[in-house]
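Visitor: how does the following fold in three dimensions:
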Amino acid sequence: MKRILLGSLFAIASVNAFAEAPGGPSCGWGNMLFKGQRGLASHLVASTTNGTSGNATFGMTSGTNGCRTDGALTYSGKPMLVLGSIMDELSEDMAKGDGEALTTYAVVLGVQPEDRAHFAAVTHEHFAEIFSSADVTAEDVHSATLAVLKKDARLAKYAEQA
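Guide: Residues are numbered from 1 along each chain as shown. Model (predicted):
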């Protein structure tokens, strides 16, 4: 169980790290070679070119190859990868108000360590709103969690960044 939770956490962390092209949107030889092209194939080949030759990493280190590191990495997706894999454990933990799955979910949402106990208490208190039915989906749970967080003065900042 712990391995699955940790693996899921690491998977989402690695997805977050590469959400925006590291080094900027025009970093590396792959981006230079496929400049202006669109579509999955072009992006995959450009990314593979950058990754296998190491030129993007070199460019970020040296400030060459169109690379820069002054921009902030962003992620506009939802943490469904982790949430979908721990729904049963999360519902049990949230119903209890404590547990590894609940902590993992808090980490994925960006809840800082000092606010995690409060997060656990608030989600426990609003369990029926978050898990509103037996067939609730990961997306439903995520949306309901954010709605609950927005109503709490201390946790609202995490709903904004999620």
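Visitor: could you use CA atoms for every contact and neighbour count after this?
Guide: Will do.
Visitor: now His43: how far from Cys27?
Guide: Distance, His43 to Cys27, by Cα to Cα, to the nearest Å: 12 Å.
Visitor: could you do Asp152 as well?
Guide: Separation of Asp152 from Cys27 (Cα to Cα): 41 Å.
Visitor: neighbour-wise, which of the two wins?
Guide: Comparing Asp152 with Cys27 by neighbour count (other Cα atoms under 10 Å), the higher total belongs to Cys27, at 26 against 14.
Visitor: you'd agree that one is up against Gly63?
Guide: No. Using Cα atoms under 8 Å, Cys27 and Gly63 do not qualify as a contacting pair, with a distance of 9.7 Å.
Visitor: residue ranges of each domain in the protein, please.
Guide: When the chain is parsed into structural domains using automatic domain parsing, the resulting residue ranges are 21-73, 80-161.
Visitor: least confident of the ones you listed, on average?
Guide: Considering the domains of the chain one by one, the lowest average pLDDT is found for domain 21-73, at a mean of 75.
Visitor: distance from that domain to the middle of the chain?
Guide: Averaged C-alpha coordinates place domain 21-73 at 21 Å from its chain's average position (Cα atoms, centre = their mean, to the nearest Å).
Visitor: now do stretch 129-139
Guide: Here stretch 129-139 is found 20 Å from its chain centre; the criterion is Cα atoms, centre = their mean.
Visitor: which residues in this structure form helices?
Guide: When secondary structure is read from DSSP state H, the chain shows helices at 2-17, 29-33, 40-53, 55-62, 80-85, 87-96, 100-108, 116-125, 127-130, 138-151, 156-161.
Visitor: residues in contact with the second one?
Guide: Contacting residues not belonging to helix 29-33 are listed as 26, 45-50, 55-56, 65 [Cα atoms under 8 Å, 6 or more residues apart in numbering].
Visitor: ok, now with 7 Å
Guide: The contact list for helix 29-33 (Cα atoms under 7 Å, 6 or more residues apart in numbering) reads 46-47, 49-50, 55, 65.
Visitor: sounds good, over and out.
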